[in-house]
Each structure stands twice: as C-alpha cells, then as structure tokens.
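> 3D model of this:
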Amino acid sequence: MEKEVKGRVQGDERESVVLIIDDDPNNLAIMTDFLEELNFTVLAAEDGESGVKRGDYSQPDLILLDIMMPGIDGYETCRRLKAQQSTRDIPVICMTALAETENKLRGFDAGAVDYITKPFQREEVLARVSVHLRLRELARELKSAKDLLEKRVEERTRELEEANRELEKEVAERRQTEDALRASERKFHAIFDNAFQLMGLMTPGGTLLESNRTSLAFSGLDESDVVDRIFWESPWWTCNDNLKLQLQGAVAKAAAGAFVRFEVTHKSADGNLHYFDFSIKPVRDDEGNVVLLIPEGRDITEHRKLGEQLRQSQKMEAIGTLAGGIAHDFNNILTAIIGFGSILGIRLGNENPLQQYVKDILFASERAANLTKSLLSFSRKQILEPGPEQLNNIVKRIDKFLLRIIGEDIEFKTVLDPGELMINADSGQIEQVLMNLAANARDAMPDGGALIIKTERIEVREPSPGFLLEPGSYAVLSVSDTGVGIEEQARQRIYEPFFTTKEIGKGTGLGLSIVYGIVQQHDGQIYVYSELGKGTTFKIFLKLIDSDIQPRDAALPLPLVGGTETILIAEDDCDVKRFMTETLTHFGYKVIEAEDGEDAIRKFVEFGKEVKLLILDVVMPRMNGKEVYQEICKWEKDIPVLFSSGYTADIINQKGVLEEGVGFISKPMTPYDLLAKVRAAFS
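Below you'll find the predicted structure:
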C-alpha cells in the first residue's frame, strides 16, 4: 500500500521529495506531520520490497528507513537501495528504537548516512532531514554549475571564431561566467568549511593555501596561524619532531603523485587527545601534473573506542569460554583428589603422623578449586545460591575478617544504613566482593590510611547519563580508601582479567575481574571514582527486594551420619564414581553403580524396588541426568534425586536441573558435602 502527502512551508518554492519506508502507520503519521511543516513531497511504503521499487521509479531526494520491518529488514533494504543504480546516490537515514552502537554501525555499513532514534523528536527529525537534503542540493548545484561552465566555455569558443561582431555579447557572457564561478566558489566553500573532516588545500611544495573552519575550530587557531605557511611548520605538527618528519615525507610522496594515508593524534582546543585517519590526495591537471594537494583528517576517536570495547568484550568472552571449558574436567579431577584425600584422612585418624601430608594435599586442592571458582565468577558462570539477605548483616559478619586482611596500620570503619537493606544475593559471593576490594585498598595504602565500608539506600527516579540503573530502589555498598588513587588510563582497564598495576608476584589481576563478574551475576552495577593522591571509592548498586521477606537462617552443619538405604549412582567419570561409592559404602549405604544414563535406566529396572535415592551426573553420554530422572519418574514419581555436576552454571541451567526443591551438589565435593546432601535428600 502506498500513499502521497504534500506539505507546504511559506516562502519555499521548491518541493523536495522524501520517501518514508515504515510498516507502522503511527510512525508514518508522525513523520508526515513533522515534514508537513516544510515544503516537502512525502512518499510512503510499508515494507522493504515496495520501498525499493518505489525508490527506483520515484527518485526521491531523501529516504527515511525503519530498521525493524517484516520481510526484509531495514539493513537489507538499505543495501538493496545502494546496490540499485537509480537509488545509489540517494541519502538514507535510518529510524530505529535500537540505540546500541553495534546496530548503528550495521546501518552505516549498509550505506546509511545518519540515524534518527525513536521516539522521534521533532527538532532532531527536521534538522537531520534538512541538513542531508541541503547537502544533496549543494552537490547537485555544484555539478550544475560545473556543467553550465563547461557549456558556456564551449559556446564562447565557437562564438569567438564566428566574428568580432559578437564581442560585446562575449563580454556579457564572460561576466555571466565569472558570476557563475564566484557562485560556484561560494558553494564550494559552503561545503568545504562545513565538512565534518579537517580539510585544506596545499601546494605540492607544502605551503598551505586554505584551511576549513572545522580544522581551525578544532585546534582553536586563526587562519593567520596556518595559511601561507609550510604545512609541517604549522602549530598542528611542530609539537613532535618525529611527526613533523613523517608529514614532510608524506607531502613529498603526495607531490610525486601518490595517495598517502596514516594515523595521527592531535589535541583539540580543550586539551583532549583525538585520533585521526589522515590522508593527502594529489590533484592533477589535464596533463597529469600534480598542481594541488588536499590534506584531510577524519576524527576516528569514537571509532577507536568502539573497536577497543569490542576487542575487550571478545577478550573477556574468550577467557570466560576458557574458564567454562576447563571447569568440568578440572572439577572432576579435583573431586577425586579431594574425595580420596578426605577418605584417607578419615581412615588414618588424627594421631597418624601421615595426617599432615593429607592436610597439605587437601589444602592445595582447595586452592585449585578456589582458582576455578574465581575464573567462573569472573566469567559469570559460577553457580549462585541467592536468597533474601540483609546487606548490613553480611558486612557485620565479615568485618572482623577484613581487619585481619588489611592490617593494623589501616583505620577500618563501617557506616551502616539504619534501615533494612534486603537484597536477593548469595552472601558468600558478596563477602568475596568485600574481601577482594579490601585487599585492593590495602595494597593502595602501603603507608597506612583509612578504609570505610558504607551501606545506604537510594531511589532512582529516572535514568541518568552514564548510569545503567533502571528506576527503582537500590542498596548501595561503598568501599572507600585514602590510598594512592588510580590513573585514568588504568581505571579504564581495571576490570580486565589479569590486568594489574602491582609489582610482579604481588597480584594476579583477577581480583577486580571477579568483583565485576559477581556484581554482574547479581544484576547489579559497579562504578569507580578515583583521584590520584586522594583515594578510590567503589560503589556497588544492588536492587532492593520486599523487606517483609525473612532472611535465610545460617544452615547448621549436619552430623556425619550414614544409613542403610540403597542408592543408584549414575556417573560417567570412573574416579568420581569410585569416590562416591567408597564414601557411601563406608558409612553403611548400599550402592548400585551405572556408567551412563542408559545404564542407569537398566539398573533401575532391575533393582528399582530397592533404590531409595538417585545420584545423577547432569551431563552424561547418550542420556543426561534430567532425562534419566524423567524416565525413572514414570515408574517411581516420588523417588528423591540428587544431581551433581562440575559444569558451569549456564550449561546446568540449559539442562533444567537448578529448579527449586531439586537436590544439587557441585563438584568438587568432600565426603562431608556428599553425606550431608544425601541425608538432606532423604529428609
């Protein structure tokens, strides 16, 4: 379906044609209302296919293109418009509610010249449409003036050959030509001075003839500072001798006919450092001689930032994938080491002189397990056990431990909000955050200082620039120190894994990465404020929940008791299965072993009446633990189950076993963990 609407603006005689491609009638109506305020002809198409066709035969001056449409989306529509000869040069402005930079880059890659973000703002729409229509009109006028000039020159040449009697007419026409040239020059300068790029005109010898307003405004210079001067002697380049020599060589190459391009940095008038894609293009006359050089600088600072963010995201994702990849096998190995080591310790007895070696083995294994947990916390794949927790209580429980971490030369103080700050959190993980931040603060105060942990409640009414907080109630956990502070360059990288400013051997570079991962896994946000020589404050924002919900009571350790029930274990790792069997049989249980999911089904069919509990590995060949449990429930729907796994949280969630009321034990585990979980399952 297509329609045509005309809008008028008093005093503007020319009507520009704008094609709107949008499947939403409301958006079409809004944009039409906006454009009716100017003297435009508005065409509309409700999908990408019809929009491409209408653009072909209507030849509009500008196209407004919605991104999210049925059939082909806006990106594909834009690519087709740019591939089509008749619409290739028509500027396309994308309209979307997708504000992410990645989506904008996709639009620009498809050929769009600009973006309008929904909801539409009248002033923005009219300004952007007017600017791009004006740019297109200027290009047309410039070409028209050029064509006119060539035509006049040709006509005048013929007229000179005809007779001297045409002299007066020739003079008049020459005056007209000069007027056209001046008009053309004015139009050239309108484009030249208003371009986003830093541009100039230069002789092959390096003397700068002109500099556009953009370049002068960027550096806060006047024409007299740069025009009619050797380019590499201008204030832009004299601050760095190496850069000056590089430019001098580049000008020589361009004067010889080569296109030269390299990346440079310049400081703006406000002192900020900008990155530029700088190039010098040679301009030749009809005989092929280089007569002019065009230096041009395109500001790529934001592009570089986006590239750095993308590389950082890819790097963090790669390490997260690595952490998840090693977790399963490593946790199975640690289960066997910790499990058999614990069994050995139990059977040796406390008085055996070999007991110390067992303790050393278990201590080293625990360090290895903590390393795996740290990597998983960073990659946000650690299994959390969240529940209602009083934030103030978490701080109170750990404050004495923090005193031991920071040492006696640092003053420690807590300032707790008098109200209840109930959050949905894994208290152990929040304690880990406090320990890591306290250790970081200690290292920032080698000569002593003060560490303050503060809790408070805030209300976010509306989103603020630079803060990714939705409106609502938040608990704020602040950790402040009076240390050396963090440099801006380092502050931008502090959450990177393995990045550290500490001396070799004094930091792993994982502490703040783990903090960041835990906060993200709690759907929170973390911000850092720092001044060199004054200190650093980390602020963590966690959503508050209903204060009427009762916090969890600390679970009392279950006694190490066994039983006489029969347990079916399905585990594909032989060492883990043998550890479970040894532990359970030692404490009186009868164990039936299965090597995988299908074997577990067969064993249950054979011994089903005896089996009182299932222990199922989550991920196994042929049938996973959840599938085994569902199949067995067809015979015995009320049989208790205990799932186990060394996989990461995202893999386990995919298998659907982390449901409320379902028993779960993560690897690595100790005999104490296993026995307690088994008794809890029977209870």
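> is Ile300 in contact with Asp277, as I believe?
Yes - with the criterion set as C-beta atoms under 8 Å, Ile300 and Asp277 qualify as a contacting pair; they are 5.0 Å apart. Every residue, glycine included, has its C-beta placed from N, CA and C.
> who touches both of the two?
Taking C-beta atoms under 8 Å, 6 or more residues apart in numbering as the contact rule, Ile300 and Asp277 both touch Glu263.
> please tell me I have it right and Leu243 contacts Glu263.
No - Leu243 sits out of contact with Glu263 when judged by C-beta under 8 Å, with a separation of 11.1 Å.
> okay, those two: which has more neighbours?
Counting neighbours by other C-beta atoms under 10 Å for Leu243 and for Glu263 shows that Leu243 has the greater number, 17 against 10.
> how about the helices in the stretch 551-683 of the chain?
Assigned by DSSP state H, counting those that start in this stretch, the stretch 551-683 of the chain shows helices spanning 574-586, 597-607, 625-632, 649-655, 671-682.
> contacting residues around the first one?
With C-beta under 8 Å, 6+ apart as the test, helix 574-586 has contacts from 332-333, 335-336, 339-340, 343, 562, 567, 569, 571, 591, 593, 595, 615, 617, 667, 671, 674-675, 678.
> let me know the angle separating that helix from helix 671-682.
Going by axes from the mean of the first three to the mean of the last three C-alpha atoms, to 10 degrees, helix 574-586 is angled at 70 degrees with respect to helix 671-682.
> what's the domain layout of this protein?
Following the assignment in automatic domain parsing, the chain carries domains at 2-120, 195-299, 308-369+558-683, 387-543.
> out of the ones you listed, nearest to Glu154?
Taking C-beta to C-beta as the criterion, Glu154 comes closest to domain 195-299 out of the domains of the chain, the separation being 15.3 Å.
> just how off-centre is the closest one within its chain?
Taking C-alpha atoms, centre = their mean, to the nearest Å, the mean C-alpha location of domain 195-299 is offset from the chain mean by 35 Å.
> then stretch 518-536?
Its chain's C-alpha centre lies 17 Å from the corresponding centre of stretch 518-536 when counted by C-alpha atoms, centre = their mean.
> and for stretch 394-413?
Averaging C-alpha positions (C-alpha atoms, centre = their mean) puts stretch 394-413 35 Å from its chain's average.
> what's in contact with that stretch?
Residues outside stretch 394-413 that contact it (C-beta under 8 Å, 6+ apart): 414, 416, 425, 427, 430-431, 434-435, 438-439, 441-442, 445, 447-453, 455, 477.
> in helices, which of those residues fall?
Per DSSP state H, helices hold the following members of these: 427, 430-431, 434-435, 438-439, 441-442.
> just the strands in the stretch 101-250 of the chain please.
114-117, 198-202, 208-211 (DSSP state E, counting those that start in this stretch).
> so where does the residue nearest to Asp573 when sequence neighbours are not counted fall, helix or strand?
With C-beta to C-beta, 6 or more residues apart in numbering as the measure, Asn332 is the residue that lies nearest to Asp573, at 4.7 Å, once sequence neighbours are left out. Secondary structure assignment for Asn332, by DSSP states H and E: helix 301-348.
> cool, and Ala254?
Element membership of Ala254, judged by DSSP H and E, is helix 241-255.
> quick one, the helix or strand following that helix and helix 241-255 angle?
For helix 241-255, the succeeding helix or strand toward the C-terminus, using DSSP H and E, is strand 260-267. Relative orientation of strand 260-267 and helix 241-255, computed by the same axes, to 10 degrees: 150 degrees.
> tell me the buried residues in the following helix or strand past strand 260-267?
Where DSSP H and E defines the elements, the next helix or strand beyond strand 260-267 is strand 273-284. Within strand 273-284, the residues that count as buried by 16 or more other C-beta atoms under 10 Å are 274-280, 282.
> helices or strands next to strand 273-284 in the packing?
Secondary-structure packing of strand 273-284 (3 or more C-beta pairs under 8 Å, 6 or more residues apart in numbering; DSSP states H and E): helix 241-255, strand 260-267, strand 290-299, helix 301-348.
> if we go to 10 Å?
Under the contact criterion of 3 or more C-beta pairs under 10 Å, 6 or more residues apart in numbering; DSSP states H and E, strand 273-284 touches strand 198-202, helix 241-255, strand 260-267, strand 290-299, helix 301-348.
> need the winner for burial among these.
Ranked by average neighbour count under the criterion mean count of other C-beta atoms under 10 Å, those are headed by strand 198-202 at a mean of 21.
> what comes into contact with that one?
Taking C-beta atoms under 10 Å, 6 or more residues apart in numbering as the criterion, the residues outside strand 198-202 that touch it are 191-193, 207-219, 226-227, 230-231, 234, 236, 251, 254-255, 266, 274, 276, 278, 280, 283, 292-299.
> could you redo the last one with a cut-off of 8 Å?
Under C-beta under 8 Å, 6+ apart, the answer for strand 198-202 is 192, 208-212, 214-215, 218, 231, 251, 276, 280, 292-299.
> and the angle for that strand with strand 260-267?
Using the same axes, to 10 degrees: strand 198-202 against strand 260-267 is 120 degrees.
> how much space between the nearest residue to Val611 once chain neighbours are set aside and Lys612?
Beyond its immediate neighbours in the sequence, the residue positioned closest to Val611 (C-beta to C-beta, 6+ apart) is Leu568, lying 4.6 Å away. The gap separating Leu568 from Lys612 is 9 Å, by C-beta to C-beta, to the nearest Å.
> comparing these two, which shows the higher neighbour count?
A count of neighbours by other C-beta under 10 Å puts Leu568 above the other of Leu568 and Lys612, at 25 against 18.
> which stretch among the helices and strands packed on strand 273-284 approaches Leu105 most closely?
The nearest among the helices and strands packed on strand 273-284, by C-beta to C-beta, is helix 301-348 at 7.2 Å.
> now pLDDT and distance to Ala112 too, for the buried residues of strand 273-284, in JSON lines please.
Putting these into JSON lines (pLDDT from 0 to 100; distance: C-beta to C-beta, whole Å) gives the following:
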{"residue": "His274", "pLDDT": "84", "distance to Ala112": "24"}
{"residue": "Tyr275", "pLDDT": "87", "distance to Ala112": "23"}
{"residue": "Phe276", "pLDDT": "87", "distance to Ala112": "23"}
{"residue": "Asp277", "pLDDT": "88", "distance to Ala112": "20"}
{"residue": "Phe278", "pLDDT": "88", "distance to Ala112": "25"}
{"residue": "Ser279", "pLDDT": "91", "distance to Ala112": "23"}
{"residue": "Ile280", "pLDDT": "90", "distance to Ala112": "28"}
{"residue": "Pro282", "pLDDT": "92", "distance to Ala112": "31"}
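> for these, work out which two are farthest apart.
Among the buried residues of strand 273-284, the pair separated by the greatest distance (C-beta to C-beta) is His274 and Pro282, at 25.5 Å.
> need the helices and strands packed on strand 273-284 in CSV with mean pLDDT and distance to Lys539, can you?
Conversion of the helices and strands packed on strand 273-284 to CSV gives the following (pLDDT from 0 to 100; distance: least, C-beta to C-beta, whole Å):
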stretch, mean pLDDT, distance to Lys539
strand 198-202, 86, 39
helix 241-255, 87, 41
strand 260-267, 85, 32
strand 290-299, 89, 33
helix 301-348, 75, 21
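> just send the ones you listed back as a markdown table, with distance to Asp399 too.
Rendered in a markdown table, the data for the helices and strands packed on strand 273-284 read as follows (distance: least, C-beta to C-beta, whole Å):
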| stretch | distance to Asp399 |
| --- | --- |
| strand 198-202 | 56 |
| helix 241-255 | 54 |
| strand 260-267 | 47 |
| strand 290-299 | 50 |
| helix 301-348 | 30 |
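> can you say which of these is nearest to Arg174?
Using C-beta to C-beta, the helices and strands packed on strand 273-284 put strand 290-299 closest to Arg174, at 23.6 Å.
> elements contacting that closest one?
Checked by 3+ C-beta pairs under 8 Å, 6+ apart, strand 290-299 has strand 198-202, helix 241-255, strand 273-284 packed alongside it.
> give me the angle between that strand and helix 241-255.
Direction vectors for strand 290-299 and helix 241-255, defined by the same axes, to 10 degrees, enclose an angle of 130 degrees.
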